[in-house]
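Q: what follows is a protein structure lacking sequence information:
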C-alpha cells in the first residue's frame, strides 16, 4: 500500500547511539537533574494545548549540508483528540497543505486530494499524556550531563542535557506497525525520515510551570535535529469543530488496517492471551545483568498473524528481543543456514546486532541481540525456548 507523501514522513528509523566515553556530571547536575525529574513526576498534562511546531533537520555529508524545516499548527486535548495542519491556514488540500485529525476513534489524514484513515491508537492514553510519559523515560535511561535555567518564547524553563548510553534507541514518537513496517506517529505529527545515526547529545527544555517539553534537540556527527514549540497556549478552550473531519466528496479515501498492540507486565500474562505457547528464555542463557523490560502482543489483522515480543535490557542499555508468533514475518532474516534443536534456521548479522529466525512445531521464532553480544549467546537463548 502506498501512503501519501506526508504519511511516509511518519517513518522514522531508529537512531542508534554510539559507544562513547563517560562524561562526568557538571557540578550540581546530578542533584539538579533529580529535582527536575521530581517536578516532572508531579506535573499533570494540561487539559489543552495549542502551538506552532517547528521541526528542523540538518544533514551533513561530504558533499555539503542540507536543511529541511517543517512548520505545523497543532491543537491537543488531554481527552485524546488532536489536530495538526501544515502548509496552510485550515485549508488542507486547497493550498497544497495537509490536515491530520484524530477524533479519539479515527485518525484522518488529508493531502493532495487523498484521504487516509485508520483507527486511533490512543489505547486509553492521550497524546499529551504520552508526551509527558516519554520525558520520564529520558530520565530513566540517560545520565544528566547538565541543567540550567533559560527562557523560551518568554517562558521560564529548565534546560536539561542528557548523555546517551551505548546502543540506546532514541524515540520521538509512538510506534504503529503496518505489515513489518514501523510507522511512528510523531509527537509533532510529521517528522522527516532520518537515516541511522549516532547521537552524541540530547537536550530538552521544559516549561518550568507545566514541565511540557518546549524544545528537543539531538546532535550527532551527521545530523542536527530539533523540535520547538512556539506561541504555546495551555488550558485554553478549543472548539469541537477542530476535531471533526468530513472527507471532501471528490476525494479518494483509503483505509489502513493497523495492528492491535497490547502490553503486558509478564510473559505469563501474554501467554494466557494467545492460543499458542509463549516461552521465556532460560535465565542462565541471558547475559549477566539483563532484565525483562517489556512484553507486547501484536495482532496483525491484515496478515491474520499474532506475535508476542519480549524485550530484555541491561544497565549498559544493551538489548535482547525474543519474538514468538503463529505465522512467518513478512520480511525474513537474510543470512547463513543454522540449526536450533534440529530445526532449520537462518542466522543474520547487521551493524546493529545478530538475529536468528526459525520455525518449530507451528511456532515462528525470532531472536535479536545487540552487536557486542556473542553469536553463541543468541543460539543458547534460541535453544532454550523449546528445549
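A: Nice, I can see it. A quick note: this is a predicted structure, and the numbers were derived from the prediction, not measured. Numbering: from 1, shown residues only.
Q: the domain parsing of the protein - what is it?
A: 5-255, 260-385 (automatic domain parsing).
Q: least confident of those domains, on average?
A: When those are ranked by mean pLDDT, domain 5-255 comes last with a mean of 73.
Q: nearest spatial neighbour of residue 343, skipping sequence neighbours?
A: residue 360 (4.5 Å; C-beta to C-beta, 6 or more residues apart in numbering). C-beta coordinates here come from the backbone N, C-alpha and C atoms, glycine included.
Q: roughly how far apart are that neighbour and residue 276?
A: Separation of residue 360 from residue 276 (C-beta to C-beta, to the nearest Å) stands at 11 Å.
Q: equivalent analysis for residue 57, please.
A: Residue 57 sits 42 Å away from residue 276, going by C-beta to C-beta.
Q: neighbour-wise, which of the two wins?
A: residue 57 (19 against 16; other C-beta atoms under 10 Å).
Q: distance from the helix or strand in which the more buried one is found to the middle of the chain?
A: Element membership for residue 57, per DSSP states H and E: strand 48-61. On the basis of C-alpha atoms, centre = their mean, to the nearest Å, strand 48-61 sits 17 Å off its chain's mean C-alpha point.
Q: who does it touch, helix- and strand-wise?
A: Here strand 48-61 touches strand 64-77, strand 223-234, going by 3 or more C-beta pairs under 8 Å, 6 or more residues apart in numbering; DSSP states H and E.
Q: contact partners of the longest one?
A: Spelled out, it's strand 64-77. Contact with strand 64-77 is made by 47-59, 82-86, 126-128, 188-192, 238, 242-243, as judged by C-beta atoms under 8 Å, 6 or more residues apart in numbering.
Q: repeat that for 7 Å
A: Outside strand 64-77, the residues that touch it by C-beta atoms under 7 Å, 6 or more residues apart in numbering are 48-59, 82-86, 126-128, 188-190, 192, 238, 242.
Q: give me the buried subset of the residues you listed.
A: 48-51, 53-57, 59, 82-86, 126-128, 188-190, 192, 238, 242 (16 or more other C-beta atoms under 10 Å).
Q: who's the closest spatial neighbour of residue 85, skipping the chain neighbours?
A: residue 73 (4.8 Å).
Q: which of the helices and strands packed on strand 48-61 sits most buried?
A: Of all the helices and strands packed on strand 48-61, strand 223-234 carries the top mean neighbour count, a mean of 18, counting by mean count of other C-beta atoms under 10 Å.
Q: related to what we said a few turns ago, now the angle between strand 64-77 and the strand holding residue 57, please.
A: Strand 48-61 runs at 170 degrees relative to strand 64-77, counting by axes from the mean of the first three to the mean of the last three C-alpha atoms, to 10 degrees.
Q: residue 299 contacts residue 273, correct?
A: No - with contact defined as C-beta atoms under 7 Å, residue 299 does not reach residue 273; the gap is 9.8 Å.
Q: between these two, who's got more neighbours?
A: Legend: neighbour count by other C-beta under 10 Å for residue 299 and residue 273, higher for residue 299 (17 against 13).
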